[in-house]
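> model this:
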Amino acid sequence: MDVENKRENKEENKENTDNTIAGNKEEELQKVIYQAKALEEHANTLDNQIGMMNGTLQEMQRTTETLDGLSGMGDEYKTKEILLPVGKNVLVSATLKSKNVLFGITDNVFIERTPEDAKNSLNEDIKKINTIMENLKKKHSEIINKISALNEYGEQLAHQ
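Just a heads-up that it's a prediction; the model follows:
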């Protein structure tokens, strides 16, 4: 009888061990799924930030092109009419009193600058934004690689 009890205890212990291992794998798989979803959300946030920065860069580049045109006017700016955007798909015909522009240094503070100085400042800002975007793209790429590795690991866990 003693031998039979030992045999039953071994089988129960093996069953408990198997159940524990299966439970641990399922728990691990849930963690992997959770981590992958969290990383996907982070990647989506980075995508949105990159998209907004691209829009800002395009606007800044259009502005530098406009400043180039203004710089090249000479004294024509006093008599030549220009089309001035005042909103989406709305332009106003205007003449300029000065080639200088008001350049925003904060939301409510503007300083007068020449078109060349304004363009130089914009180009510096463009460089900074490009650096930030490169860092965001690098982080995005790293996150995508982590997601891929987690997905592979999750598949391995699911097939075991």
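> which one is the most centrally placed residue in the chain nearest to, not counting chain neighbours?
Centroid check for the chain by Cα atoms, centre = their mean gives residue 46 as the closest residue, at 2.7 Å. Nearest non-adjacent residue to residue 46, counting by Cβ to Cβ, 6 or more residues apart in numbering: residue 140, 4.5 Å away. C-betas here are computed from N, CA, C, even on glycine.
> chain center to the helix or strand containing the one you found: distance?
Taking DSSP states H and E as the definition, residue 140 sits inside helix 115-159. Taking Cα atoms, centre = their mean, to the nearest Å, the mean C-alpha location of helix 115-159 is offset from the chain mean by 6 Å.
> same check on stretch 68-79?
38 Å.
> contacts for it?
Contacts to stretch 68-79, defined as Cβ atoms under 8 Å, 6 or more residues apart in numbering, come from residues 80, 95-99, 101, 114-116, 119.
> try it again with 6 Å
96, 99, 115-116 (Cβ atoms under 6 Å, 6 or more residues apart in numbering).
> pLDDT weak spots in this protein?
1-23 (pLDDT under 70).
> can you show me the helices along it?
In the chain, helices defined by DSSP state H lie at 2-71, 115-159, listed in chain order.
> which of these is buried the deepest?
helix 115-159 (a mean of 14; mean count of other Cβ atoms under 10 Å).
> for it, name the packing helices and strands.
helix 2-71 (3 or more Cβ pairs under 6 Å, 6 or more residues apart in numbering; DSSP states H and E).
> try it again at 7 Å.
Helix 115-159 is packed against helix 2-71, strand 101-104, with contacts defined by 3 or more Cβ pairs under 7 Å, 6 or more residues apart in numbering; DSSP states H and E.
> distance to residue 128 for these - can I get that in TSV?
Converted to TSV, the helices and strands packed on helix 115-159 look like this (distance: least, Cβ to Cβ, whole Å):
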stretch	distance to residue 128
helix 2-71	11
strand 101-104	16
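> thought residue 115 was touching residue 67?
Yes: here residue 115 reaches residue 67: they are 4.3 Å apart, a contact under Cβ atoms under 7 Å.
> so how far is residue 92 from residue 106?
26 Å (Cβ to Cβ, to the nearest Å).
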